[in-house]
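Undergrad: Give the three-dimensional model of this entry:
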Amino acid sequence: MTNEFTIRPARVEDAATLLELILALATYEKLAHEVVATKADLARTLFGERPGAEVLLAQKEGEGHLSPKALGYALFFPTYSTFLARPGLWLEDLFVLPEHRGQGLGQALLGGVAARASETPGGRLEWSVLDWNTPAIRFYERLGARPLPEWTTFRITGAKLSDLARRAGPAGAQP
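TA: From the prediction side, this is the model:
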């Protein structure tokens, strides 16, 4: 916490705010057309019976009758390294509204996630960055992070994911 902003774990009542921030991130990344999440989806999957991730929220305290204003967020979840036989964390999103960048919010959010990662026996935090996002790449490098150029991220979704699951048979067993 500083005099200007607070970093705190998100709560279920923050679902609408998180959705606004996710839409702002998607717009920045030119991917707004891919967002299908709803406030109800976020409430269920982040704060329900089996939360899929954790979120830290950066806020500026309100003045007078105003409620705190959300400035950014970090969303992360557990990973596991078989080579190390240890858990770690994956940072899915780190986003600060453009008008609030350069004030230490990104570093504070990432620092909060790093603190959680350092609590795990593996002490490992990983994430991906869009190739064109030079400001983010420079920011991460200034903090000591290094890209892993020998790795390529793959993704399978939709019908192709369903087809693969069907071909694998029950519980992934080969026919």
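Undergrad: Quick one: low-confidence residue ranges for the chain.
TA: Residues of the chain meeting the criterion pLDDT under 70: 1-3, 62-67, 171-175.
Undergrad: Listing partners with orientation, what would you give for the lengthiest strand in it?
TA: When the chain is parsed with DSSP state E, its longest strand is strand 69-81. Looking at strand 69-81 with DSSP bridges, its partner strands are strand 54-60 (antiparallel), strand 86-96 (antiparallel).
Undergrad: Make CSV from these and add mean neighbour count to it.
TA: Yep, even glycine has a C-beta here, placed from its N, CA and C like the rest. Output for those, formatted as CSV (neighbours: other CB atoms under 10 Å):
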stretch, mean neighbour count
strand 54-60, 21
strand 86-96, 19
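Undergrad: can I get those in a markdown table with distance to residue 116?
TA: Output for the strands paired with strand 69-81, formatted as a markdown table (distance: least, CB to CB, whole Å):
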| stretch | distance to residue 116 |
| --- | --- |
| strand 54-60 | 7 |
| strand 86-96 | 6 |
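Undergrad: And the ones you listed: which comes nearest residue 43?
TA: Closest to residue 43 of these is strand 54-60 (CB to CB; 11.7 Å).
Undergrad: Distance check, residue 82 against residue 120.
TA: When distance is defined by CB to CB, to the nearest Å, residue 82 is 15 Å away from residue 120.
Undergrad: Neighbour count for these two, which is higher?
TA: The neighbour count for residue 82 versus residue 120, taken as other CB atoms under 10 Å, is higher for residue 120 (16 against 6).
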